[in-house]
Structures are given as structure tokens and as C-alpha cells.
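In: structure for this input, please:
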Amino acid sequence: MAPVVKIIAPDPQTTVAWSRGAIGEEKLGAALSRRLADGASLLADCSVPKSRSNIDFIAIAKSGIWVIDAKRYTGAVQIRDLGGWRTVDKRLYVGGRDRTKHLDSLTWQVDAVQRALDGEALPIAAVFCMVDAEFGFFAKAQQLHGVWIVWGKKLAEMILGGAPLLDQYQVTSLTERLLTALPPHTSAS
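Out: As a prediction, this is how the structure comes out:
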């Protein structure tokens, strides 16, 4: 009977989108773990106290702290200026759809990391990383609304190749602090 019910009542769009997103997060997590190896600490699926939301990834390296939101989108990535002759209104489009709101939603994730570190002034970068999107052959990482827009390989290069802002002791200490303050989600929660 279950297959019949599935045909009659397909999964709601939110379930399909969540499943697609989870696959994208798994792909990015595996790629980052492999590419970063011992060059950075990578925390995944970090729970945020007093919230049902999570942070997909936090990378801690000598180049700083990287708060990463992963999405599995397909289609060409473009930054379009929808402003008029005298105004600038840059927006992120992926596959022809406006995805700018996702950049703005990274603010609360960066704020959660800052709170977890007691507001200490540390180098924190917000990153919107898309899996399966088309960036083009000569694409470069771009920033929009203070958020880096990248793909997995480029993100790993940025994390490992950025100017050293932290020493190894700080990387280890910050990793421990964030792991305690923003522990990985468990399936029981």
C-alpha cells in the first residue's frame, strides 16, 4: 500500500528540498574534509542554542573562521545589478532565480558564532557555497552583501591559502570552544 500512497500523495516540496539540501551538504562536507585535511578544523551541522536552526559548516584555520552555508543548486550563477541609472541593487541569481535572501540569512549564523566566542573580535567570514551550480570556466570568488559566493574547491583554496590571521594554538582553542558552544546536531534532537 505504501507505494500507492506515495503516488497519490507525493512528498511535499519542503521535504524534497530538504533532501536535496542534505545531499548537497554531504557532498560539500566530504569534499572539504578531503581538501582541508590537516590544514583546518571542520565542524559540521552545528546546533545553535535556543534555536531549531543549524549552521552547516564552520571551518577554523590560520586564515580565520569561516561560517559556511551549503546549498545544492543547479544552473548558472550570476550577479545582476537590478538598480536603475543612479542606484545599485546587486542580486544573486542561480539558474535564473533570485537567491539573494540566502546571503542575507547568513547574518544570524555569523552572529551565533560571535556569541559563542563571547563577542571576541576575531576574523570571521560568511560563505555561501553552492554544490552543482555552474560558475563558468573563468569564475572567481565574489562577495555580495559581505558574503563570499563560491564553490567547494575554491572555498578550500581560500581557507588554506588565505593570509595567516591566527596561529595554531588559536585554531585549536577556537575549535574546542566552538565545538562546546555549538555542538553537532544529533538525530535525537
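In: distance between the ends of stretch 108-127?
Out: 13 Å (C-alpha to C-alpha, to the nearest Å).
In: residue ranges for the helices of this structure, please.
Out: Shown for the chain, the helices assigned by DSSP state H span residues 2-8, 13-36, 100-104, 106-116, 152-161, 168-181.
In: sketch out the low-pLDDT regions of the chain for me.
Out: 1-21, 186-189 (pLDDT under 70).
In: contacting residues around residue 44?
Out: 25, 29, 56-57, 184 (C-beta atoms under 8 Å, 6 or more residues apart in numbering). C-betas here are computed from N, CA, C, even on glycine.
In: in those, find the pair that's most separated.
Out: Between any two of the contacts of residue 44, the greatest separation by C-beta to C-beta is 12.4 Å, found for 25 and 184.
In: these two: who's more crowded?
Out: Neighbours were counted for residue 25 and for residue 184 using other C-beta atoms under 10 Å; residue 25 has more, 22 against 11.
In: now do the contacts for the residue lying closest to that one once chain neighbours are set aside.
Out: Once flanking residues are discounted, residue 25 sits nearest to residue 70: 4.8 Å by C-beta to C-beta, 6 or more residues apart in numbering. Shown in contact with residue 70 (C-beta under 8 Å, 6+ apart): 21, 24-25, 28-29, 56-57, 129-131.
In: still on that earlier bit, in a markdown table: the contacts of residue 44, plus distance to residue 74.
Out: Below are the contacts of residue 44 laid out as a markdown table (distance: C-beta to C-beta, whole Å):
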| residue | distance to residue 74 |
| --- | --- |
| 25 | 16 |
| 29 | 19 |
| 56 | 18 |
| 57 | 21 |
| 184 | 28 |
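In: how about the backbone phi and psi for residue 84?
Out: The phi/psi pair for residue 84 (degrees, to the nearest 10) reads phi -90, psi -160.
In: give me the most central residue, the chain.
Out: residue 69 (1.7 Å; C-alpha atoms, centre = their mean).
In: correct me, but that one touches residue 102?
Out: Yes. Using C-beta atoms under 8 Å, residue 69 is in contact with residue 102, at 6.7 Å.
In: quick check: neighbours shared by these two?
Out: Residues touching both residue 69 and residue 102 (C-beta under 8 Å, 6+ apart) are residue 128.
In: right, I'll call it a day here.
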